[in-house]
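[1] here is a sequence together with a model predicted from it:
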Amino acid sequence: MPSSVRDELDRLVADGTPQATAARTMAERFPVVRARGRGDAAVLEAAVRRGAWVVTADRALAARLVAVGVTVLVPRDRHRLERVMGALAPPARSGRRGNG
């Protein structure tokens, strides 16, 4: 989890935002990765630097991540995630050799 996300959750808890405490408690299960900057830019930077996948319901962030090659898991309903491959992800191997 990028440090910027954890810091944002801490601010939301301090502000009394509903469900922020539950989200912050869940976040404690994951290791913290130092991220430069704040918000979406920090998430993008950390994901690119570490070659990590990102789970987000934010469509704009997901589009930015995919455009720079980050694979994103997007919630599709209460029980399912959809994988959206980063635009720079290598193509699936077909098992056939090319002509070159």
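    Here it is on my side, so go on.
[2] may I have stretch 7-22 as CSV, with CA atoms only?
    Output in CSV follows, covering the C-alpha atoms of stretch 7-22 (Å, rounded to 0.1, in the frame of the first residue of the first chain):
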residue,chain,number,x,y,z
ASP,A,7,-1.8,8.9,5.1
GLU,A,8,-5.1,9.8,3.4
LEU,A,9,-6.9,7.2,5.4
ASP,A,10,-5.4,8.6,8.6
ARG,A,11,-6.8,12.1,7.6
LEU,A,12,-10.2,10.6,6.8
VAL,A,13,-10.3,8.9,10.2
ALA,A,14,-9.3,12.1,12.0
ASP,A,15,-12.1,14.0,10.1
GLY,A,16,-14.7,11.4,11.2
THR,A,17,-15.5,10.2,7.7
PRO,A,18,-17.9,7.2,7.8
GLN,A,19,-16.2,3.8,7.2
ALA,A,20,-12.7,5.3,7.2
THR,A,21,-11.8,3.5,10.5
ALA,A,22,-12.7,0.2,8.9
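[3] list the buried residues for it?
    Neighbour-count burial for stretch 7-22 flags Glu8, Leu9, Leu12, Val13, Ala20 (criterion: 16 or more other C-beta atoms under 10 Å). All C-beta spots, glycine's among them, are computed from the backbone N, C-alpha and C.
[4] name the residues that touch stretch 39-58?
    Applying C-beta atoms under 8 Å, 6 or more residues apart in numbering, the external contacts of stretch 39-58 come out as 2-5, 8, 33-37, 60-62, 64-65, 68-75, 81.
[5] pLDDT weak spots in this structure?
    Scanning the chain for pLDDT under 70 picks out the ranges 89-100.
[6] before we move on, the earlier item: quick check: strands, which of the contacts of stretch 39-58 are part of them?
    Cross-referencing these against strands under DSSP state E gives Val72, Leu73, Val74, Pro75, Leu81.
[7] if you rank these by neighbours, which is first?
    Neighbour counts for the ones in strands among the contacts of stretch 39-58, by other C-beta atoms under 10 Å, peak at Val72, which reaches 23 neighbours.
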